[in-house]
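Engineer: generate coordinates for the sequence data below:
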Amino acid sequence: MNLSKAKKIYFASDQHFGIPSTEKSKIRELKFIEWLDTIKKDADAIFLLGDLFDFWFEYQKVIPKGYVRVLGKLAEIRDSGIPIMFFVGNHDLWMEDYFQTELNIPVFRTPQQYTFQGKHFLIGHGDGLGPGDKGYKRMKKVFTNPFSKWLFRWFHPDLGVKFAQYLSTQNKLISGDEDVIFLGEENEWLVQYAKKKLETKHFDFFIFGHRHLPMEIKIGESLYINTGDWIRHFTYAEFDGEQLSLKKFL
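Structural biologist: Predicted coordinates for the structure are as follows:
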């Protein structure tokens, strides 16, 4: 993909709309919508790297209540012709076809490779990648099992969504959240994942979320960026055709 003149590609993750309360979440949602309105003027594409919602489950005829403003804004931007790509995170991993059918936004469950302006990217949410985190990896297999999703569908949405939201905020093993401090390159599993990938193929840029910690780390001639979050940091990544940089929305 070649960028149009004076256009950019944007990346953001971990908005976790829905917590800690409806009222406080709405404040962050409005700020995120303001950012979307700002970038749509020069965006060639927008990548949302997961955990847009703190919990999401699609019944056959029901989706979680709320989020009307952000969903409407995404629909508006997509209808204007700007591509949007969504990567499932560990909090919205039960996403099905709603984004594709209603918003025309493709949904990805694994990291994807892209080439923009001759630069090679590997892009994803980041949960369960690299060494370690074995407890979460086992738990993820349980929650992504089709039988587990089938069982959950038998809960009435009023009960199922409330119970899942409680687990999402209280159980770190289920959420996969790490301590939001820099652990050093040797303990940052996504950095180790990127290094392992570079043993077999060159990538100029690795872009992930999940860690809730904005990071720019050089790995040889490559660059790893973590997009941070929209809870504490309000950070995002921007590619202008030559440089990939981490920025903060004030």
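Engineer: could you pick out the longest helix of this structure?
Structural biologist: helix 22-39 (DSSP state H).
Engineer: what residue ranges in the protein score low on pLDDT?
Structural biologist: The model of the chain has pLDDT under 70 over residues 135-136, 140, 163-179.
Engineer: in this protein, which spans are strands?
Structural biologist: 8-12, 43-48, 84-87, 107-108, 112-116, 119-123, 205-208, 214-219, 222-227, 235-239, 244-248 (DSSP state E).
Engineer: counting neighbours, which bits of the longest helix of the chain end up buried?
Structural biologist: Judged by neighbour count using 16 or more other CB atoms under 10 Å, the buried positions of helix 22-39 are 25-26, 28-29, 32-33, 35-36, 39. For glycine as for every other residue, the C-beta is placed from the backbone atoms N, C-alpha and C.
Engineer: contacts only, for residue 205.
Structural biologist: By CB atoms under 8 Å, 6 or more residues apart in numbering, the residues touching residue 205 are 119-122, 222-225, 239, 244.
Engineer: and the closest residue to residue 128 other than its chain neighbours, how many neighbours does it have?
Structural biologist: Leaving aside its chain neighbours, residue 128 sits nearest to residue 137 (5.0 Å; criterion: CB to CB, 6 or more residues apart in numbering). Residues within reach of residue 137, counting by other CB atoms under 10 Å, total 13.
Engineer: was I right about residue 137 contacting residue 129?
Structural biologist: No. Using CB atoms under 8 Å, residue 137 is not in contact with residue 129, being 9.4 Å away.
Engineer: show me the helices in this structure, by range?
Structural biologist: 22-39, 68-79, 98, 134-144, 146-152, 157-170, 172-175, 189-198.
Engineer: most tightly surrounded among those helices?
Structural biologist: helix 189-198 (a mean of 19; mean count of other CB atoms under 10 Å).
Engineer: quick check: angle from it to strand 112-116?
Structural biologist: 70 degrees (axes from the mean of the first three to the mean of the last three CA atoms, to 10 degrees).
Engineer: which outside residues touch helix 189-198?
Structural biologist: Against helix 189-198 from outside (CB under 8 Å, 6+ apart): 122, 126, 129-133, 185-186, 203, 206, 208, 210-211, 217, 219-220, 222, 224, 226.
Engineer: then stretch 243-250?
Structural biologist: 31, 34-35, 38, 119, 205, 207, 214-216, 223, 225, 227-228, 233-238.
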